[in-house]
Structures are given as C-alpha cells and as structure tokens.
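**Student:** 3D model of this:
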Amino acid sequence: MLKKKSVMIVMIAIVAIGALILFKQPEDTNQNVIKIGVVLPLTGNVASYGNDAKDGIDLAVDLINNKQTKHKFIVEYHDSKGEAQTAVTVLNHLLSISKPNAVIGEITSSATASMIPIIDRNKTILISPTASAPHLSQKSPYFFRVYPSDIEEGYFMAKTVAQRHPNANVCIVYANNDFGVGLKNVFENYAETVGINILQSFGYSTDNMDFRAMLTTIRSRNPDAIYMPGYHKDGALILRQMREIGINVPVYGSTTHEDPQLIESAGIASEGFMYPVSTGFNAESDDFVVTSFINNFVSKYDKAPGLVAALAYDCAQLIIEGVLTKGVSADNIKQYILTTKDIQGAAGMMNFDLKGDVHKPIILRTIKNGKFQEVL
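**Tutor:** Prediction:
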C-alpha cells in the first residue's frame, strides 16, 4: 500500500512539473531569437578597444530587449586577440555552429580584411566599428563600416595642417599597422598638392613604451608641426615623452585619440593637441539619440563612454533597426542600411554608399584646460 502511494505521489509530481513547463513555454516561443555574432579583441594589445566595443553592443541589446517582445536579441562573443588568423578561425566557428543573423567586427583593419571573404561566401552581414583602411571599400556587398575611410580623414588633416602652417616642414609619427599606415599614406599623397614638405615619416609598434630615440631624431629635424595618426594609449606616451625632451611644436592626431584616458595619461602634455573627429561622435551634443546613449551608458557602467563604445553601439543598432523595420535576412538588413538616409547614431549622422562606406562631416577638435573641445 505504501509502495503504491509513493508511486502515485511521484506521478502527480511529474504531471505537475510538466504542467509548469507547458505553462512557461509560450514565454519563449512567442519571441523570434535574433543572433548577433561578435568578433573582437577581448585580450591582447588592443583589448581595451574590444572591451569598449563590447560595452556599447551589450547596452544596445539590453535596451532593445527591454523595449519590445517580438524579437529576443542575443549576442555571442568570440575573442580575435586582434589577430587576423584568429579572427578567421573564430568567425568560421561562429558561422558554422551558431549561424548568426549578422556579425559585428573587427576593430583592426587587418583582422576585418581577413573576415570579409568569409562573410561574402556565407552572405552574412558584417559591420565593423572602427576598420578604416581604404582598401576595404567595396570588398563585399555584405560589408559595412561606421568609421569613414582613411581617405577622408587623411585629406582633411593635410588641408588643415597646410592652412594653419603654410609651407610647413612636417614629420609624421604613425602606428605601424593598417590604420596608421593608411592615414600616413593619404596624408603623404596630398601633402605636396597643399604645400606641405614631409621631412621624414616614423613608424612605431603600438606595444612600445619608450619613444625617446625616435623623438630625439625628430627633434634634430626641427619640424614646424608633427602629424601623429595612432591611438590614445600610445599617443599619450608619445606626447608626454615629446614634451619631456623639449619638442614643443604643434601636434596633430587622429580621431582615435579622443578618449578620456589620453588626457588622464598625458596630463599637461596633451594641452593644445589637435585632432579630427571624422566619426561624428560628440559627447557634448544635445541630440536625443546621443544624450540617451550617454545617459544609459553611464547608468549601466558608471563611467562615460568613449568613441569606440559609441561606434559599436551604432553597429548593433543598425542590425537591430534593420531587423525591426525590414526583416531578419541579410538582404533585409542590407536594404535598411543602404536605403535609409540620415540615420542618427550615438556617433553622429550616418549615410552609406554602395561601397559599404559611411559618410560623416569632419570637425577639428583640441584639448584645452584638460577638456576636449571644438576648434572654432
């Protein structure tokens, strides 16, 4: 009798659990799951940029999942370490196993270039937050980037230096990778046409910590100005060491220098440093999309967002809005990006051409009294 009673209790429990499962099931089946694959350098030399991008993407996905219930957006991250071959390996794994609706990546131009043939074969959307090398244009109808091609920024900086320093003798100090070389080449190509004389160009490794030997050579060349396309981490070190050895000429940088960490690290050596903003990101903007992004970012992470976080947020938003307004396929998302004009993002207004390139206005900014501000 006791045995029969025990069996009855177990059966009732199984039925009850089954009923609970059936009761909860509609909560998930009513939602269409949209997978966003992400390939970023989460470790390695450029991990700070990859993790900033991750913050921006996570914020965009959290906000949309809390706002609507038709689709559930999920993100799967893979670490490329900033290496082209690793990016290829993890992308192949991602596409074959998870089959995402779209992919975001990579940070560097070289790693992004290695991914484009793969997404082209798989007809999957790839959007890069920061890859800017000119040779990436029109590589695939499924590739887009929210960072303008180096051609636009490099030409702007050549004209700017020429206007501010007519017939100037200039030294170039550049990060020796696709990004730095791309900007250096564009600047050099336009220099002669705008009246700039390039004294010498110096490439450096972004993991270097001591630039004094290179800077001593630059000091001996006695330039009127220095053009320095690179990143905020190495840029801060170069600025500080430049001032320490007595180089006090005007220094012009790249969009990637606008990060609070540059001012924190370089301190007084960053005063007067000028750089372009070709990405459209303006933390002082009163546009609703920008202020909402910043407020939500600060609320979630208890820190102010930098440029890369804003760009990555926009990558996620393009995919999300493409799915919500056009549909879930790669062609639907592509149609949204190509046919929607004046898309307002956290990093400015976006318009895309058939090459996959974004076009934005470029402004000159500087550091004054420890703050970033526009040069008027």
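**Student:** Distance check, Gln317 against Glu264.
**Tutor:** 28 Å (Cβ to Cβ, to the nearest Å). The C-beta positions use only the backbone N, C-alpha and C, and glycine is treated the same way.
**Student:** ok, those two, which is more surrounded?
**Tutor:** Per other Cβ atoms under 10 Å, whichever of Gln317 and Glu264 has more neighbours is Gln317, with 26 against 12.
**Student:** pretty sure the more buried one is in a strand, no?
**Tutor:** No. Assigned with DSSP: H, G, I helix; E, B strand; the rest coil, Gln317 falls outside any strand and is helix.
**Student:** ok, it to Gly345 distance?
**Tutor:** Distance of Gln317 to Gly345, computed by Cβ to Cβ: 6 Å.
**Student:** how about the most centrally placed residue in the chain, what does it touch?
**Tutor:** The chain has Pro129 as the residue nearest its centroid, 3.1 Å off, counting by Cα atoms, centre = their mean. Residues near Pro129 by Cβ atoms under 8 Å, 6 or more residues apart in numbering: 53, 56, 104, 107, 145-147, 308, 311-312, 314-315.
**Student:** now Val38
**Tutor:** Contact analysis of Val38 by Cβ under 8 Å, 6+ apart lists 54, 57, 75-78, 103-105.
**Student:** Any of those residues buried? List them.
**Tutor:** The neighbour count (16 or more other Cβ atoms under 10 Å) marks 54, 57, 75, 77-78, 103-105 as buried among the contacts of Val38.
**Student:** Using TSV, please lay out those together with distance to Thr112, pLDDT and secondary structure.
**Tutor:** Listed next are the buried ones among the contacts of Val38 as TSV, based on distance: Cβ to Cβ, whole Å; pLDDT from 0 to 100; DSSP: H, G, I helix; E, B strand; the rest coil:
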residue	distance to Thr112	pLDDT	secondary structure
Lys54	16	98	helix
Ile57	16	98	helix
Val75	18	98	strand
Tyr77	16	98	strand
His78	14	98	strand
Val103	11	98	strand
Ile104	11	98	strand
Gly105	7	97	strand
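**Student:** quick check, nearest of those to Lys35?
**Tutor:** Within the buried ones among the contacts of Val38, the smallest distance to Lys35 is 7.9 Å, found for Val75 (Cβ to Cβ).
**Student:** for that closest one, what are its contacts?
**Tutor:** 35-38, 57-58, 61.
**Student:** mind listing which of these are in strands?
**Tutor:** Those of those mapping onto strands are 35-38, per DSSP state E.
**Student:** Could you identify the pair within the residues you listed that is furthest apart?
**Tutor:** Greatest spatial distance in these: Lys35 and Val38, 10.2 Å, computed using Cβ to Cβ.
**Student:** Common neighbours of these two, please.
**Tutor:** 75-76.
**Student:** The stretch 201-350 of the chain: helices as residue ranges?
**Tutor:** If DSSP state H, counting those that start in this stretch is used as the criterion, the helices of the stretch 201-350 of the chain fall at 212-221, 232-244, 260-266, 288-301, 307-325, 330-339.
**Student:** What sits closest to Ser98 if chain neighbours are left out?
**Tutor:** Leaving aside its sequence neighbours, Ser98 sits nearest to Glu76 (Cβ to Cβ, 6 or more residues apart in numbering; 5.5 Å).
**Student:** Check for me that the one you found belongs to a helix.
**Tutor:** No. Using three-state DSSP, the assignment for Glu76 is strand, not a helix.
**Student:** Beta-bridge partners for it, please?
**Tutor:** Gly37 (DSSP bridges).
**Student:** list the contacts for the residue lying closest to Ile226 once chain neighbours are set aside?
**Tutor:** In this structure, Ile226 finds its nearest non-sequential neighbour in Val251, 4.7 Å apart by Cβ to Cβ, 6+ apart. Neighbouring residues of Val251 by Cβ under 8 Å, 6+ apart: 225-226, 228, 239, 242, 272-274.
**Student:** what about 7 Å?
**Tutor:** Val251 sits next to 226, 228, 239, 273 when contact means Cβ atoms under 7 Å, 6 or more residues apart in numbering.
**Student:** Repeat that for Leu183.
**Tutor:** 150, 153-154, 174, 229, 254.
**Student:** Just the ones of the residues you listed in strands?
**Tutor:** Tyr174.
**Student:** show me where the stretch 1-150 of the chain has helices.
**Tutor:** For the stretch 1-150 of the chain, the helices defined by DSSP H, counting those that start in this stretch cover 2-24, 26-29, 47-67, 84-93, 109-122, 150-164.
**Student:** circling back: out of the helices of the stretch 201-350 of the chain, the one nearest Ser140 is which?
**Tutor:** Here helix 330-339 is closest among the helices of the stretch 201-350 of the chain (Cβ to Cβ), at 10.5 Å.
**Student:** Show me what the closest one is packed up against.
**Tutor:** Counting contacts by 3 or more Cβ pairs under 7 Å, 6 or more residues apart in numbering; DSSP states H and E, helix 330-339 is packed against strand 125-128, helix 307-325.
**Student:** Next, the angle helix 330-339 makes with the last one.
**Tutor:** For helix 307-325 against helix 330-339, the angle between stretch directions is 110 degrees (axes from the mean of the first three to the mean of the last three Cα atoms, to 10 degrees).
**Student:** Now helix 307-325: average pLDDT?
**Tutor:** In this model, helix 307-325 has an average pLDDT of 97.
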